[in-house]
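Engineer: just to be clear, the model below is a prediction. Sequence and coordinates:
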Amino acid sequence: MSRLHDKDVTVGMPDGLMSFEHRRVWEKFFAALSVKTLSSSKTTNDIIRYGVSLCSNETCLPVKVFAGHAASLCGRADCIFVPRCMSVCKGEKSCPKLCGLPDVVRLSLKNKAPVTGVTVDLDKSVKESGKSLSALSETIGRNKRSVESAFLRIVVPGLAAENSPNAFIPEFNRARERPVIAVLGHPYMIFDELLSMGLIKKLTSAGYRVLTPYDIKRSVRRANACPFAGRSFYETGLDILGAFNVFRKMDIVAGMVYLTPFACGVDSIAAEFVERGIREEPRKPFLKLTVDEHSGESGFDTRLEAFLDMLPAGNLNEKRQSI
Amino acid sequence: MKLTFPHMGNVYISVKALLDTIGTDYYMPPPWSRDNMQRGINSSPEFMCLPFKKILGDFIDGLEHGADTILFGESCGRCRMNYYGDLQTKILRDMGYRFDYIHLNLSSLTYGEIMSKLGPLFKGTSKALAVSAVTSAVRTIFAVDGLYRAACFVRCRESVKGSTDSIMLEFEEQAGRARGFAETRLALSEARVKLSRVATDARADPVKIGIVGEIFMLSDMFSNLEIEKKLGGMGAFAVNTMSVSEWMKKHFIRAMLPVKPRDKAVAAAQKYMRAKDIGGHGIYTVGNAELMCGSGLDGIIQVYPFTCMPEITAQPALGEISEKNGTPVMTLILDEMTSETGYVTRLEAFTDMLKMKKEKSSAS
């Protein structure tokens, strides 16, 4: 046993992009191999600023922030773990930016820290990961076979788990009488407090319950992802479209807010289907908020307030308060 | 049935000849129409890429002119192009148009796929004629791209400025009037002869600029604001790495081969991008840039439409390639807001810099 564990490396895990959905899966994977992991902190203004300075102008805010997270781990971890998630299950694919992410991070960090990762392309075959797993096993100093078995046991089913770690159903049940606002968007936008400018908190403190795509079971999201149900599409796009089609039929949903990073490719399709769908019955009030590193919080709040004032449920709430 | 199809560079020359040969009724939108593009832009999502908007504009024009069937291609890669059809159909139906949508699966474009999808078009034509027409269409695509490449070679060396451009303009007019493959071939061979007779400066040693990037932008002269012509006019030899014929080689001809040859560009890209696919032609952008740096190029220009996902991913690798090889790289991002003047200024500055660099290195 000691022979296997002769290397004691700490793997740095940047807390951005799909780590919001998959962080626990990878942590469990490394825990099973008894490898120490170190998560970067929550997104801070410094991380955003540093990430923006590292990346090319054109890339989207979440990728820039991810690079910032990776940079914040330099010197603290022995290597930085950036998975190359090409697809997490059959018939799905990831955004091209996630496919090139390890390279983009490596090139942006300019060799300040070694970048390691696993290629995951489950749409093609689980075998696609073979090479990268053996490279990883060398980096972390673990037996190749145990790395592979941990990958098959924990990561492969974990990445496409039915229940998302971001589901907050318990809280939802407690506040049953309040009207609901559905927040649509990528997990790394809506669950990142700084990038979302505290959107979920703001809605909650304004007296609403919040539902996100990740409160719905994965299979339900996929089955409702019209017009891409049963077809290949981007993972986050399927989540958003599926959730949208479920939410719009729910009477308790008073309105929807779509949070999107500036110039997002996936959202240029998904949001357009949502915006066109919202005009068909049953109609719901809808707000699309676009943010990037230059967005001001006051402008964001003004729009959100105006939207909430417009909601019939909001008025009802006010009325109730005035009574 | 009346067919319409969108433009992508000079492919229309071949498609038109094909449709004329098999006798299909069709409407072709004008190849250079700012108005059509504007109509596409008006109905497209804001952050969609320029090719989508331009193609949608062509569809709207076609449907306005009485077309009831749209012919377009889709593949199964990671680029947004695969979902153009879904969204465009939705947008056009919402606008109130009624039409059939034929989409060719471009990732497995074989004779079988073409014949089955285009079945309704070939009604009344014998199978032999249909196969020979498709073959001629493919050959014409190669011949047309060959002509444009030859024009790039001559343009930067011509003694009288503008002589190449006038030949190409004449060719485009003649090819636009041509009906069927025989007339198209005639236009092609005439243009080739004329190009070979252009007086060139034998001592000319133009700077060589490689163009990499998104395939639609690189092959569509209207969308890339005639980058080849502009660079040629500035006395630079533009080498365009992406064209429809290159694409045909990869997807149509390679698909028919029993043993697939190794892709040099993908192999060369592995030094910077350790993946076989980052969507679209992103990996080819990196690979071609690396290959060209090794073949005595003076500079590289990357061209892509604003928000293009694969090219944005490829962009950091180009910076690294530039640093390692000492070859200047410039990235130009185009959208409907791009000003042609600003574009020309950048091209001029880049070309001037390359010329000075070349003079300096040849003097020392």
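Structural biologist: Yep, it's here. Numbering: from 1, shown residues only, chains lettered A, B, ... in the order given.
Engineer: show me the domain layout of the chain.
Structural biologist: Going with chain A. By the assignment in automatic domain parsing, chain A contains the domains A:10-159, A:169-322.
Engineer: wrong chain, I was asking about chain B
Structural biologist: With domains defined by automatic domain parsing, chain B comprises B:3-135, B:206-363.
Engineer: please convert the ones you listed to JSON lines, extending it with distance to residue A:218.
Structural biologist: Using the backbone N, CA and C atoms, a C-beta is placed for each residue, glycine as well. Rendered in JSON lines, the data for the domains of chain B read as follows (distance: least, CB to CB, whole Å):
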{"stretch": "domain B:3-135", "distance to residue A:218": "21"}
{"stretch": "domain B:206-363", "distance to residue A:218": "24"}
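Engineer: nearest residue to the middle of the chain?
Structural biologist: Looking at chain A here, since you left the chain open. Nearest to the mean C-alpha position of chain A, counting by CA atoms, centre = their mean, stands residue A:187 at 2.8 Å.
Engineer: chain B is the one I meant
Structural biologist: Chain B has residue B:219 as the residue nearest its centroid, 1.6 Å off, counting by CA atoms, centre = their mean.
Engineer: is that residue in contact with residue B:248, as I believe?
Structural biologist: No. Using CB atoms under 8 Å, residue B:219 is not in contact with residue B:248, being 11.2 Å away.
Engineer: give me the neighbour count for the residue of chain A found nearest chain B.
Structural biologist: Among the residues of chain A, residue A:96 lies closest to chain B, at 3.1 Å counting by CB to the nearest CB. The burial count assigned to residue A:96 is 29, neighbours taken as other CB atoms under 10 Å in any protein chain shown.
Engineer: same thing with the one 4 residues further on?
Structural biologist: By the other CB under 10 Å criterion, the neighbourhood of residue A:100 contains 32 residues.
Engineer: just checking, it touches residue B:277?
Structural biologist: No. Applying CB under 8 Å, one finds residue A:100 not in contact with residue B:277, separated by 9.5 Å.
Engineer: low pLDDT regions in the chain?
Structural biologist: No chain specified, so I'll use chain A. Residue ranges of chain A with pLDDT under 70: A:1-7, A:169-176, A:313-323.
Engineer: that's the wrong chain, I meant chain B
Structural biologist: Along chain B, segments meeting pLDDT under 70 span B:76.
Engineer: get me the contact residues on it for chain A.
Structural biologist: Residues of chain B lying close to chain A by CB under 8 Å from any CB of the partner chain are B:45-49, B:76, B:78-80, B:82-83, B:86-87, B:90-91, B:94, B:272-275, B:277-280, B:282, B:306-310, B:312-317, B:319-320, B:333.
Engineer: ok, back up a step: how far away is the residue nearest to the centre of chain B from residue B:286?
Structural biologist: 19 Å (CB to CB, to the nearest Å).
Engineer: can I take it that residue B:133 is in a helix?
Structural biologist: Yes. Counting by DSSP: H, G, I helix; E, B strand; the rest coil, residue B:133 is part of a helix.
Engineer: burial of it, as a residue count?
Structural biologist: Each residue near residue B:133 was counted by other CB under 10 Å, and the total is 20.
Engineer: what's it in contact with, if anything?
Structural biologist: Neighbouring residues of residue B:133 by CB atoms under 8 Å, 6 or more residues apart in numbering or on different chains: B:18, B:21, B:22, B:125, B:181.
Engineer: please list the residues of the stretch 201-323 of chain A that sit near chain B.
Structural biologist: Counting by CB under 8 Å from any CB, the stretch 201-323 of chain A sits next to chain B at A:227-228, A:232-233, A:262-265, A:267-269, A:271-273, A:276.
Engineer: follow-up on the earlier one: which residues does the residue of chain A closest to chain B contact?
Structural biologist: Taking CB under 8 Å, 6+ apart, we find residue A:96 in contact with A:265, B:78, B:79, B:278, B:279, B:280, B:282, B:309, B:310, B:313.
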